[in-house]
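Asker: no sequence on this one, just coordinates:
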Ligand code: C2O
Ligand code: CU
């Protein structure tokens with residue numbers, strides 16, 4: 001009976017903001033560990049999730065949870081994901097931000113058929129970072145990710161552990177998404193659903209509240225939304241510290257009052273709640289929101305005080321040296337506003353076409369332009385990390401000065417990036433707009449590292 005009552009209450013509406021507590025995605029324990037590798041079992045299957053209070057919503061889940069469980073891997077140890085596809089459609093698992101061999105990349109054409117299993121091996125030679133894993137089956141990925149096939153993948157290393165940053169229960173993944181609910185509480189998937197009054201979800205709950213102790217927290221922000229851009233701000237206007245971007249720690253913490261994140265981007269921030277009295281309520285807001293209903297992301301309710309003498313160190317981690325580029329390329333992103341078809345340099349995705357070849361271990365300068373005057377895009381490349389050199393001919397945003405793998409492109413905007421390839425990897429990979437509905441509509445291409 002409570003379920004039915006809940007369903008009626010949910011009829012196409014959403015609960016008032018801050019009426020449900022935030023949850024933290026479960027951590028996935030290895031099913032087996034060998035001397036140098038940890039094996040994780042990941043099963044994609046239909047499931048029910050309680051997203052709206054008292055309502056059972058059908059989702060696509062990894063290991064039954066929405067979003068998927070958090071994998072915490074250690075640099076220097078291989079992670080092996082033993083994946084089982086129990087969905088009725090082909091899927092892949094892509095480790096976004098991972099430096100992996102092409103056969104383990106889970107790219108759009110390397111499908112795992114319904115009812116079959118697949119092993120993905122991740123070398124984990126990378127520095128500590130917040131990565132994520134998600135479905136990438138071409139054309140299906142947008143609906144799959146929307147319905148739940150995404151989770152956080154945290155890489156830890158010794159250097160970072162020695163810095164004394166907030167850890168354990170004070171190191172919290174914050175997976176940002178948005179969704180639209182039908183009268184029956186089901187998720188309504190509308191391709192190209194952008195900027196409307198969707199419901200903001202944090203770790204799978206609608207605009208929740210989070211009871212925090214008066215101390216420092218590390219929040220790992222991941223924009224896992226299909227299309228929504230976030231600009232994280234505190235309602236008090238207070239500053240917080242950004243300590244990491246897509247591919248790991250910044251050289252030094254950045255004090256900022258706002259943090260923009262386009263789909264696929266990550267940023268780790270440290271918020272010091274010890275400066276607030278217990279009882280204080282602070283809302284994390286989306287500065288990009290154009291509607292009050294989607295402006296609030298999450299409310300922090302400061303409760304107990306915890307002894308916290310910690311400081312964020314002034315020096316975090318040196319970035320790899322910027323290597324000189326041998327090649328310059330240009331990519332122009334465009335979308336036909338009538339048909340919704342996406343193009344890069346005038347061409348839509350074609351699985352049979354390799355657009356260009358990069359020399360193994362090369363560094364290249366890429367200029368990326370958003371040719372649309374009203375549509376927002378961004379740009380993600382598999383395998384390689386990059387540094388943003390320039391934005392619209394000027395300096396990059398302060399928040400994008402670390403090692404990146406995804407970069408925002410507002411209408412008419414452009415960036416110049418220095419992409420750096422690790423000589424240990426070669427093969428075929430993809431690059432695309434990470435507004436997922438755009439890549440499924442063609443805004444993607446393949447390249448070869450040879
Ligand atoms: Cu997060 Cu090609 O993707
Ligand atoms: Cu796009």
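Answerer: Cool, got the structure. This is a predicted model, so every value here is computed, not measured. Ligands and ions are numbered 1, 2, ... in the order given.
Asker: can we go C-alpha only for contacts and neighbour counts from here?
Answerer: Fine.
Asker: can you list the domains in this structure?
Answerer: Using automatic domain parsing, the domain parsing of the chain gives 2-157, 168-305, 327-449.
Asker: Give me the distance from the longest one to the chain's centre.
Answerer: Centre-to-centre, domain 2-157 and its host chain are 12 Å apart (CA atoms, centre = their mean, to the nearest Å).
Asker: give me every residue that touches the residue nearest to residue 314 when sequence neighbours are not counted.
Answerer: The shortest distance from residue 314 to any non-neighbouring residue, by CA to CA, 6 or more residues apart in numbering, is to residue 252 (5.6 Å). Residue 252 makes contacts with 243, 313-317, as judged by CA atoms under 8 Å, 6 or more residues apart in numbering.
Asker: OK, now which residue of the stretch 51-200 of the chain is nearest to ligand 2?
Answerer: Nearest residue of the stretch 51-200 of the chain to ligand 2: residue 192, at 10.1 Å (CA to the ion).
Asker: What's the per-residue pLDDT of that residue here?
Answerer: With respect to pLDDT, residue 192 scores 77.
Asker: That one: what's it in contact with?
Answerer: 227, 340, 437-438.
Asker: Reduced to three states, what does it come out as?
Answerer: Assigned by DSSP: H, G, I helix; E, B strand; the rest coil, the conformation of residue 192 is coil.
Asker: Could you tell me the end-to-end distance of stretch 289-297?
Answerer: This stretch, stretch 289-297, spans 10 Å end to end (CA to CA, to the nearest Å).
Asker: avg pLDDT for that stretch?
Answerer: Stretch 289-297 carries an average pLDDT of 86.
Asker: To which secondary structure element is the residue of the stretch 101-250 of the chain found nearest ligand 2 assigned?
Answerer: Closest residue of the stretch 101-250 of the chain to ligand 2, CA to the ion: residue 227 (8.5 Å). Using DSSP states H and E, residue 227 maps to neither a helix nor a strand.
Asker: gap between whichever strand or helix holds residue 302 and the chain center?
Answerer: Element membership for residue 302, per DSSP H and E: strand 296-305. Distance, stretch centre to chain centre, for strand 296-305: 23 Å (CA atoms, centre = their mean).
Asker: sorry, back to before: now the residue of the stretch 101-250 of the chain closest to ligand 2: how far from residue 438?
Answerer: Taken as CA to CA, the span from residue 227 to residue 438 is 9 Å.
Asker: Might you report the residue contacts of residue 444?
Answerer: Residues counted as contacts of residue 444 (CA under 8 Å, 6+ apart) are 342-344, 348-349, 430-433.
Asker: Write down the beta-bridge partners of it, one by one.
Answerer: residue 432 (DSSP bridges).
Asker: Give me the pLDDT value at it.
Answerer: pLDDT, residue 444: 98.
Asker: what ranges do the helices span in the stretch 201-350 of the chain?
Answerer: Remark: no helices are assigned in the stretch 201-350 of the chain by DSSP state H, counting those that start in this stretch.
Asker: Can you identify each of the strands in it by residue range?
Answerer: Applying DSSP state E, counting those that start in this stretch to the stretch 201-350 of the chain gives strands spanning 205-206, 209-214, 216-223, 230-234, 240-245, 248-256, 259-261, 266-272, 281-286, 296-305, 327-335, 342-344.
Asker: Deepest-packed of those strands, please.
Answerer: Highest mean neighbour count of the strands of the stretch 201-350 of the chain: strand 205-206, a mean of 28 (counted as mean count of other CA atoms under 10 Å).
Asker: Mind listing the strands that one pairs with, and their directions?
Answerer: By DSSP bridges, strand 205-206 pairs with strand 199-202 (antiparallel).
Asker: residues in contact with the strand it pairs with?
Answerer: 14, 22, 174-180, 206-208, 293-294, 296-298.
Asker: Go again with 7 Å.
Answerer: Under the contact criterion CA atoms under 7 Å, 6 or more residues apart in numbering, strand 199-202 has outside partners 174-180, 206-208, 294, 297.
Asker: Most widely separated two among those residues?
Answerer: 174 and 180 (19.5 Å; CA to CA).
Asker: Which one of those two is surrounded by more residues?
Answerer: Just comparing residue 174 and residue 180: by other CA atoms under 10 Å the higher neighbour count belongs to residue 174, 25 against 20.
Asker: Doesn't the more buried one lie inside a helix?
Answerer: No. Counting by three-state DSSP, residue 174 is not part of a helix but strand.
Asker: same for ligand 2: which of the contacts of residue 444 are within range?
Answerer: When contact is defined as CA under 5 Å from the ion, the contacts of residue 444 meet ligand 2 at residue 433.
Asker: and which of the contacts of residue 444 is nearest ligand 2?
Answerer: residue 433 (4.7 Å).
Asker: so the closest one touches residue 379, yeah?
Answerer: Yes. Look at residue 433 against residue 379 with CA atoms under 7 Å: they come within range, at 4.6 Å.
Asker: so where is the stretch 151-300 of the chain shaky, pLDDT-wise?
Answerer: Scanning the stretch 151-300 of the chain for pLDDT under 70 picks out the ranges 194-195.
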